[in-house]
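A.B. asks: how does the following fold in three dimensions:
(2 chains)
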Amino acid sequence: MATKSLLARQKLMAKAEEQLKYLSGGIFKDELPTFKHQLKNIEEFPLQPKSLEILQLNLGYMCNQVCEHCHVDAGPDRKEIMTKETMMQCLEVIKTTKAHTLDLTGGAPEMNPNFRWFVEEAALLGVKDFIVRSNLTIIRANKKFYDLPEFFKTHNVHVVSSMPHWTKGKTDKQRGSGVFDTSIKVLQDLNAIGYGMPNSKLKLDLVYNPSGAFLPSSQEALEMDFKQALRDDFNIEFNHLFTITNLPISRYLDYLIASDNYEDYMYKLVEAYNPAAVKNVMCRNTLSVSWDGWLYDCDFNQMLEMKVQSPIQHIKDYNEEQLQKRHIRVSQHCYGCTAGAGSSCQGSVV
Amino acid sequence: MSDPYYDPKDLRKFPKITEWSSELGDKFFDYYGKVFEKGALSEREKSLIALAVSHVVKCPYCIDAYTQDGLQRGITKEEMMEAVHAGAAIESGATLVHATQMMKKYDKLSH
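C.D. replies: Model (predicted):
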């Protein structure tokens, strides 16, 4: 398993333009329809936003893990971190936005040196659902993070954590040696203070994304399997499981190409294309803010450096009304959000 | 082998069999879809049965399809291998149980 990001290894697929070139060529030249073509068929092109519901902030690409399929290409060697100045600009936006959900992601957002200050400030602004996407292991990575569960509880943070499987082997293969055992310990710690427990207002959700070149099965069925296994084996409770399809970008795209799975995977995504999922894709109700304040339709477009198609492109110039008039930018990676029951940072959408 | 008899890509063409016989093809796919819906058995259990049978009938397309289906459902490799052994045990048992026929015939023909 690699211990450095694609960027640090100077791999071709670390570059957004190379990824977009790959996704537009090959089988999408003459064999498979482009995503834009599919949208035209259902008269949804250009794709337009609905009311803004979720503001997702990427606090930086630094992470203590180097997961095999990370779409951010995050890792310990990534130094991109949101500054306090950009955070203050975000707080100004949170005061006025119509979005009901604030979603902090990374990398490991907790590694941002101003993370706690930002959570304290943002929590005062009355956001209905305040999500932190925690990889769990960061809480045990250093003593200074040990009290994070209590910190989350104090600020009524909704914790969302990745868990690719209920077995050690599959989890460690995707996320690194020892990740499963540490994740289990942290989940037990979170349960102990009320997270994910029945009748508790402290929400703990898990995110499943397949550990290989296949699509997720039914979210409902997998949630039942996860709940039963984690309860039986480790006495762990959680609220919901979100299934997320791996989008063919960054490290996952690199893996698909290297393992000779790219073509089959894209066929699977296109065959599983569900027009009904287009109605609810997350880019229609979400805005993604990068560590340096640029605005994107989603976290995936952020990684492909596809800024919003709007005169307003940076958080410092934020104008929600103007941004709602934009056309959402798409490419073939978008098939990942419309396969089967659809996929988003909040799980399936159909 | 540059031009294998079994090409994995041909699995994608499976639905095309209806083009030469739509009535029978459609009936088959309707039946197939219905069989794998959740019933007295879960979809997960049916997937493991399908994987075992795929090996017994030695269908490379089916093995590809139900290995992937199992992965999608979170089925572990240990569960998959146990299912294949269950199929293999029945298949080898079916061979060995015919040994009773051999024994019966042997005894009848011998002093």
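A.B. asks: and the residue of chain B closest to chain A?
C.D. replies: Across chain B, the shortest distance to chain A (Cβ to the nearest Cβ) belongs to B:Q72, at 4.1 Å. To be clear about C-beta, it is placed using only N, CA and C from the backbone, and glycine gets the same treatment.
A.B. asks: contacting residues for residue 53?
C.D. replies: You didn't say which chain, so I picked chain A. When contacts are counted by Cβ atoms under 8 Å, 6 or more residues apart in numbering or on different chains, A:E53 touches A:A99, A:H100, A:T101, A:N285, A:T286.
A.B. asks: was after chain B, sorry
C.D. replies: By Cβ under 8 Å, 6+ apart, the neighbours of B:V53 are B:C62, B:G87.
A.B. asks: quick check: which element contains it?
C.D. replies: helix B:43-56 (DSSP states H and E).
A.B. asks: identify each buried residue in that helix, please.
C.D. replies: Neighbour counts over helix B:43-56 (16 or more other Cβ atoms under 10 Å in any protein chain shown) mark B:R44, B:K46, B:S47, B:L48, B:A50, B:L51, B:A52, B:S54, B:H55 as buried.
A.B. asks: what's the neighbour count on the closest residue to A:A277 other than its chain neighbours?
C.D. replies: Distance criterion Cβ to Cβ, 6 or more residues apart in numbering or on different chains; nearest residue to A:A277, sequence neighbours excluded, is A:G342 at 3.2 Å. Neighbour count of A:G342, defined by other Cβ atoms under 10 Å in any protein chain shown: 24.
A.B. asks: which phi and psi values does A:G342 adopt?
C.D. replies: With angles defined as degrees, to the nearest 10, A:G342 sits at phi 80, psi 170.
A.B. asks: contacts only, for it.
C.D. replies: A:G342 neighbours (Cβ under 8 Å, 6+ apart): A:N274, A:A276, A:A277, A:N280, A:V281, A:S348, A:V349, A:V350.
A.B. asks: show me what the worst-scoring helix or strand of chain A on mean pLDDT is packed up against.
C.D. replies: Using mean pLDDT, DSSP states H and E, helix A:168-175 stands out as the lowest-scoring helix or strand of chain A, at a mean of 86. On a contact count with 3 or more Cβ pairs under 8 Å, 6 or more residues apart in numbering or on different chains; DSSP states H and E, helix A:168-175 meets helix A:179-192.
A.B. asks: ok, and the closest non-adjacent residue to the residue in the stretch 51-200 of chain A that chain B sits nearest to?
C.D. replies: Closest residue of the stretch 51-200 of chain A to chain B, Cβ to the nearest Cβ: A:T167 (6.0 Å). Closest residue to A:T167 apart from its sequence neighbours, by Cβ to Cβ, 6+ apart: B:T76 at 6.0 Å.
A.B. asks: what's the burial count for the one you found?
C.D. replies: 15.
A.B. asks: which pLDDT does the model give it?
C.D. replies: pLDDT, B:T76: 93.
A.B. asks: same question, B:S2
C.D. replies: For B:S2, pLDDT reads 68.
A.B. asks: and if you look at the one 4 residues further on?
C.D. replies: The confidence metric pLDDT takes the value 90 at B:Y6.
A.B. asks: where does the stretch 201-350 of chain A dip in pLDDT?
C.D. replies: Applying pLDDT under 70 to the stretch 201-350 of chain A picks out no residues at all.
A.B. asks: mind doing that once more with 90?
C.D. replies: A:211, A:217, A:341-342, A:344-350 (pLDDT under 90).
A.B. asks: by proximity to chain B, which residue of it wins?
C.D. replies: Chain B sits closest to A:S217 of the stretch 201-350 of chain A, with a gap of 4.1 Å, by Cβ to the nearest Cβ.
A.B. asks: that residue is in contact with B:G74, isn't it?
C.D. replies: Yes - assessed by Cβ atoms under 8 Å, A:S217 is found in contact with B:G74 at 7.0 Å.
A.B. asks: can you list the residues of chain B near chain A?
C.D. replies: B:P8, B:R12, B:E43, B:R44, B:Q68, B:L71, B:Q72, B:R73, B:G74, B:T76 (Cβ under 8 Å from any Cβ of the partner chain).
A.B. asks: count of neighbours near the first one?
C.D. replies: By other Cβ under 10 Å, 11 other residues sit near B:P8.
A.B. asks: didn't it look like it was pressed against B:A65?
C.D. replies: No - if you go by Cβ under 8 Å, B:P8 and B:A65 don't touch, sitting 10.1 Å apart.
A.B. asks: tell me where chain B has helices.
C.D. replies: B:22-35, B:43-56, B:60-72, B:77-96, B:99-109 (DSSP state H).
A.B. asks: figure out which of those is closest to A:L23.
C.D. replies: For A:L23, the closest of the helices of chain B is helix B:60-72, at 22.3 Å, according to Cβ to Cβ.
A.B. asks: still on that earlier bit, if we only consider the residues of chain B next to chain A, which is nearest to A:S5?
C.D. replies: Within the residues of chain B next to chain A, the smallest distance to A:S5 is 26.3 Å, found for B:L71 (Cβ to Cβ).
A.B. asks: OK, contacts around the residue of the stretch 51-200 of chain A closest to chain B?
C.D. replies: For A:T167, counting by Cβ under 8 Å, 6+ apart, the contacting residues are A:F180, A:A229, B:T76.
A.B. asks: ramachandran angles for A:Q309?
C.D. replies: phi -90, psi 80.
A.B. asks: next, work out how far apart it and A:Q56 are.
C.D. replies: To A:Q56, A:Q309 is 18 Å away according to Cβ to Cβ, to the nearest Å.
A.B. asks: compare the two (neighbour count), which wins?
C.D. replies: A:Q56 (22 against 12).
A.B. asks: between the contacts of A:E53, which has the most around it?
C.D. replies: Most surrounded of the contacts of A:E53: other Cβ under 10 Å gives A:T286, at 24 neighbours.
A.B. asks: that one against A:F300, yeah?
C.D. replies: No - with contact defined as Cβ under 8 Å, A:T286 does not reach A:F300; the gap is 10.8 Å.
A.B. asks: now A:M13. Nearest residue, chain neighbours left out?
C.D. replies: A:D254 (4.1 Å).
A.B. asks: should've said A:K79
C.D. replies: With Cβ to Cβ, 6+ apart, the residue lying closest to A:K79 is A:M62, at 6.6 Å.
A.B. asks: who's in contact with that neighbour?
C.D. replies: A:M62 neighbours (Cβ under 8 Å, 6+ apart): A:A74, A:G75, A:P76, A:R78, A:K79, A:E80, A:I81, A:G106, A:G107, A:A108, A:M111, A:N112.
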